[in-house]
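Enquirer: quick one: sequence and predicted model below, then my questions.
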Amino acid sequence: MGLLSSVAASCMFAFLPWYIHQFPLEPNSGNWLAAQRIVWSCLLMLIGLGLMKQLPLIVSQLVNVKAWPRLMVASILVGLQFWLFIWAPANGQTLPVALGYFSLPLVLVLVGRFVYQERLSRVQWVAVCVAGLGVAYAYLMADGLSWVVLLVAFGYPLYFMLRRKYPLPSHIAFTVDNLLLLPLAIVYLLFSDGVSVEQSQIVSFYNHYPWLYYFGLGIAGTVPMLLFLLASNHLPLSLFGLMGYLEPVLVFSVGWLLGERLSAEQWPTYILIVLALLLLAIDGSRRGFKRKASVSLN
């Protein structure tokens, strides 16, 4: 369950940058789209929980005043990631975000090993070292260490550690996070100058009904995040971190299909990370085969 959720989340997250780029990207459009994403994610989750008759679970969390400090910290930590993932492409910060996501799995692996005492197999340690070389090379090619990199690399691990200490079902946690961010999103949308969609790259139908684009943004941002949280709850943090390398590779694949190409100095990073993923796949297949063999013998 956890492994499949992680793979599915990475595949869907890879689709999100393409969807964002169908909107006219102006300097403030990243903030606008991030706020819209929160509004529509809240609406979708409340409708879904209402149909499943689970709204009392949300109410029970929100009326617990003692839980508010940790709930607010969690919502701020993940809210910054929601905002950054949409804001960065509109403000020329794609490379620092990519470096942050390349660094994130290594930080998660280290947290899993040294905070939660999780053990890594020899093959997994080799995969960590290979991926680490790729990340180190990417840092050498970058122009210094951006605050964006640090926010991605250390913000998510803090969020996952908080969620593990105070566990909630993934759909409940995601809904509470968005509801606590909702007032900020509404205030921004009310007092912002907005964005123009007359010259939009999206099809003309959306020009007349832009709310359909925002609705799609809510779906594209909600489903993978739910799967992401589900995977974080069911996988050891070290393995969950290593699986995180699948997402930037998929994002690269989407970019390739959209016509983007790597420069010569960028190839080593991707080659090393793909090699690390292949090592993980081999290790996972070997472990699965051993488990099947053990079951058949018993």
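Expert: Yes, it's here. Numbering: from 1, shown residues only.
Enquirer: before we move on, what SS does L120 have?
Expert: Following DSSP: H, G, I helix; E, B strand; the rest coil, the label given to L120 is coil.
Enquirer: how many neighbouring residues does it have?
Expert: 18 (other CB atoms under 10 Å). In short, each C-beta sits where N, CA and C put it, glycine included.
Enquirer: same deal with P69?
Expert: 9.
Enquirer: what about it, helix or strand, and which?
Expert: helix 68-90 (DSSP states H and E).
Enquirer: now the element after that helix, going C-ward?
Expert: helix 94-114.
Enquirer: that following helix: how far from the chain's middle?
Expert: Taking CA atoms, centre = their mean, to the nearest Å, the mean C-alpha location of helix 94-114 is offset from the chain mean by 12 Å.
Enquirer: what element comes up after that helix heading to the C-terminus?
Expert: Next along from helix 94-114, by DSSP H and E: helix 122-141.
Enquirer: which positions in whichever helix or strand comes after that following helix come out as buried?
Expert: Elements were assigned by DSSP H and E; along the chain past helix 122-141, the next helix or strand is helix 147-165. Using 16 or more other CB atoms under 10 Å as the test for burial, helix 147-165 gives 148-149, 151-157, 159-160, 162-163.
Enquirer: could you pull up the mean pLDDT of helix 147-165?
Expert: Taken as a whole, helix 147-165 has a mean pLDDT of 87.
Enquirer: helix or strand next in line after it, which one?
Expert: helix 170-191.
Enquirer: looking at this protein, which helix or strand is least sure?
Expert: Ranking every helix and strand in the chain by mean pLDDT, DSSP states H and E puts helix 204-208 at the bottom, with a mean of 52.
Enquirer: just checking, next helix/strand downstream of that one?
Expert: helix 210-234.
Enquirer: what packs against the helix holding P69?
Expert: helix 2-20, helix 29-51, helix 94-114, helix 147-165, helix 170-191 (3 or more CB pairs under 8 Å, 6 or more residues apart in numbering; DSSP states H and E).
Enquirer: how about F102, nearest residue that isn't a chain neighbour?
Expert: Counting by CB to CB, 6 or more residues apart in numbering, V135 is the residue found nearest to F102 once chain neighbours are left out, at 4.8 Å.
Enquirer: quick check: T222 touching C42?
Expert: No: at 9.4 Å, T222 does not count as touching C42 under the criterion of CB atoms under 8 Å.
Enquirer: hmm, back to that, got a markdown table for the buried residues of helix 147-165, with distance to Y270 too?
Expert: Output for these, formatted as a markdown table (distance: CB to CB, whole Å):
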| residue | distance to Y270 |
| --- | --- |
| V148 | 20 |
| V149 | 18 |
| L151 | 23 |
| V152 | 18 |
| A153 | 18 |
| F154 | 23 |
| G155 | 24 |
| Y156 | 21 |
| P157 | 23 |
| Y159 | 27 |
| F160 | 25 |
| L162 | 32 |
| R163 | 30 |
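Enquirer: and of these, the nearest to P210?
Expert: P210 lies nearest to V148 out of the buried residues of helix 147-165, by CB to CB, at 27.9 Å.
Enquirer: skipping adjacent residues, who's closest to that closest one in space?
Expert: Nearest in space to V148, with sequence neighbours left out and distances taken as CB to CB, 6+ apart, is P96 at 3.7 Å.
Enquirer: who touches the one you found in this structure?
Expert: 88, 142, 146, 148-149 (CB atoms under 8 Å, 6 or more residues apart in numbering).
Enquirer: can you do 7 Å?
Expert: 146, 148-149 (CB atoms under 7 Å, 6 or more residues apart in numbering).
Enquirer: go on, S232?
Expert: Contact analysis of S232 by CB under 7 Å, 6+ apart lists 160, 163, 240.
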